[in-house]
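Peer 1: build me a model from this:
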Amino acid sequence: MSQNFHALIPEIKSRIKEECVRETPQDNETLIGLPYPYVISGKGKQEALYYWDTYFINLGLLRMRMIDYARHNVENLIFLLRKFGYVPASNAREMLTHSQPPFLPWMVRDIYRATGEKEWLRRMLPDVVHEFKFWTSKPHTTPTGLYRYHPAKEGAADPATLAMAESGWIDSPRFTDPRSINAVDLNALLSRNARMIYDLQVEAEGRGDELLLQKSAAMKKMMDFCWNEDEGFYFDNNFEEKKLSSVKSLAGFMPLFVEMVDEKRAQLIQSHLKAFTAPGGFTLTDQPYDKTISIWNAPLIQAPYVYTTLKGLCDYDFMEDAADIGTNWLTMVQENYAATGELWAWYNAADRSVRHPDGVDNSPMLSLTAGVYAEVVDCLGLD
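Peer 2: Presented below is the predicted three-dimensional model:
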């Protein structure tokens, strides 16, 4: 079984090189030029480098020893950060108004782990710190002390739509206007980012900014704004209405991924897995909510939250759950690849297909889903 899962990876690697590497050295009508070649998410998206997609793409590139491709992806994101003051959602001109979930420190850490190049790390760190300040300053601040998704500047779409695009959960039942929400996934990430940046500073310079440690610790405590004691689970917090969301999503497992909870709370979170499990692994939400045309709703599953949820389960030694769910997802991906010749943006975990219940078109997403596929194989010890 494990050899069967691994057998797909060499073919994926070859296809990424042939189909998904792009060069845009100069600005054009639709794209901001980038200094290095980059890997696009897949043929279903325009020829752009996408911010949070790149974290998951890079997981696979590094696993497949395509280190220079991964490094160039990160250096292109840093280029955009220096140009705009934040990492935009992509280098597509229409997506410069907002960012995406802040995985930049994770990408820099992963490149450093793969190369051991301390001087490179030193060059990147000021930019990583700058991005953290962007996310923890206005307009992302809220009265709770936690943070929110909010566009960096005005665009053609209304601000609520841009904030939703920044979250990645477009048309999700989680929220209609993320600007009033302390999102679980965002705040869990930022808490870990503070500690991660400190650790990278110690690695590069021998000492780190103690304020980052204090920030991380404070955010862990403030995450109780998102904790439902009766449910034993994390929910998005509407700080304007002072109430928790009723939508249960895989974002609630993000505190496991960032390793910010104790064993008791981890077990409470783990107990909710049964609400999400499905023949194809698990679904993004525990049930289909009212937004039927959304691709961020049950019975669908997207690769990024497959990885973050499974990695969190592995880190807290819920290996049996991770193995059962992970192998079901890997098998579903493999079966659909054999049938269609593609890896896809999302999968229907209920019927193990690439079909939306309401007929919404799917898109090939080779590099993004390949990155998660390769990393899940490794996470579960199947290679």
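Peer 1: rest of the way, CA atoms for contacts and neighbours
Peer 2: Will do.
Peer 1: helix or strand for Leu211, which one?
Peer 2: Per DSSP states H and E: Leu211 is located in helix 210-222.
Peer 1: buried ones in that helix?
Peer 2: By 16 or more other CA atoms under 10 Å, the buried positions in helix 210-222 come out as Leu212, Leu213, Lys215, Ser216, Ala217, Met219, Lys220, Met222.
Peer 1: and the next helix or strand past whichever strand or helix holds Thr54?
Peer 2: Assessed by DSSP H and E, Thr54 sits inside helix 51-63. Following helix 51-63 in sequence order, the next helix or strand is helix 67-84 (DSSP H and E).
Peer 1: all strands of the stretch 51-200 of the chain, in order?
Peer 2: 181-182 (DSSP state E, counting those that start in this stretch).
Peer 1: what stretches of it score poorly on pLDDT?
Peer 2: Within the stretch 51-200 of the chain, no stretch has pLDDT under 70.
Peer 1: ok, Leu300 - contacts?
Peer 2: Thr283, Leu284, Trp346, Tyr347, Asn348, Ala349, Ala350, His356 (CA atoms under 8 Å, 6 or more residues apart in numbering).
Peer 1: cutoff 10 Å now
Peer 2: Going by CA atoms under 10 Å, 6 or more residues apart in numbering, Leu300 touches 278, 280, 282-285, 288, 294, 346-357.
Peer 1: look up phi and psi at it.
Peer 2: Per-residue torsions, Leu300: phi -90, psi 160 (degrees, to the nearest 10).
Peer 1: distance of the residue of the chain positioned farthest from its centre from Ala217?
Peer 2: What lies farthest from the middle of the chain is Gly206; by CA atoms, centre = their mean that is 29.5 Å. Using CA to CA, to the nearest Å, Gly206 is found at 21 Å from Ala217.
Peer 1: one step back: off-centre distance for the helix holding Thr54?
Peer 2: 10 Å (CA atoms, centre = their mean, to the nearest Å).
Peer 1: helices or strands next to it in the packing?
Peer 2: Here helix 51-63 touches helix 8-19, strand 38-39, helix 67-84, helix 104-115, helix 303-315, helix 366-379, going by 3 or more CA pairs under 10 Å, 6 or more residues apart in numbering; DSSP states H and E.
Peer 1: could you dump the ones you listed to TSV with mean neighbour count?
Peer 2: Formatted as TSV, the helices and strands packed on helix 51-63 follow (neighbours: other CA atoms under 10 Å):
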stretch	mean neighbour count
helix 8-19	14
strand 38-39	26
helix 67-84	19
helix 104-115	18
helix 303-315	21
helix 366-379	26
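Peer 1: distance to Asp199 added to the ones you listed, as CSV?
Peer 2: Converted to CSV, the helices and strands packed on helix 51-63 look like this (distance: least, CA to CA, whole Å):
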stretch, distance to Asp199
helix 8-19, 32
strand 38-39, 28
helix 67-84, 19
helix 104-115, 10
helix 303-315, 19
helix 366-379, 23
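Peer 1: need the next SSE after the helix holding Leu211, C-terminal direction.
Peer 2: Next element after helix 210-222 (DSSP H and E): strand 227-228.
Peer 1: that next one pairs with which strands?
Peer 2: The strands beside strand 227-228 in its sheet (DSSP bridges) come out as strand 233-234 (antiparallel).
Peer 1: quick one: average confidence on the partner strand?
Peer 2: Strand 233-234 carries an average pLDDT of 99.
Peer 1: what does it rub up against?
Peer 2: 183-185, 223-228, 244-245, 248-255, 265-266, 268-272.
Peer 1: now, of those residues, which are buried?
Peer 2: Buried among these by 16+ other CA under 10 Å: 183-185, 223, 225-228, 244-245, 248-255, 265-266, 269-270, 272.
Peer 1: tell me the confidence at the residue nearest to Glu23 when sequence neighbours are not counted?
Peer 2: The shortest distance from Glu23 to any non-neighbouring residue, by CA to CA, 6 or more residues apart in numbering, is to Pro37 (4.6 Å). What the model reports for Pro37 is a pLDDT of 99.
Peer 1: same question, Val247
Peer 2: Val247 carries a pLDDT value of 97.
Peer 1: quick check: it vs Ile293, distance?
Peer 2: Distance, Val247 to Ile293, by CA to CA: 17 Å.
Peer 1: my read: Gly312 touches Met254, true?
Peer 2: Yes. Between Gly312 and Met254 there is a contact under CA atoms under 10 Å: 7.3 Å.
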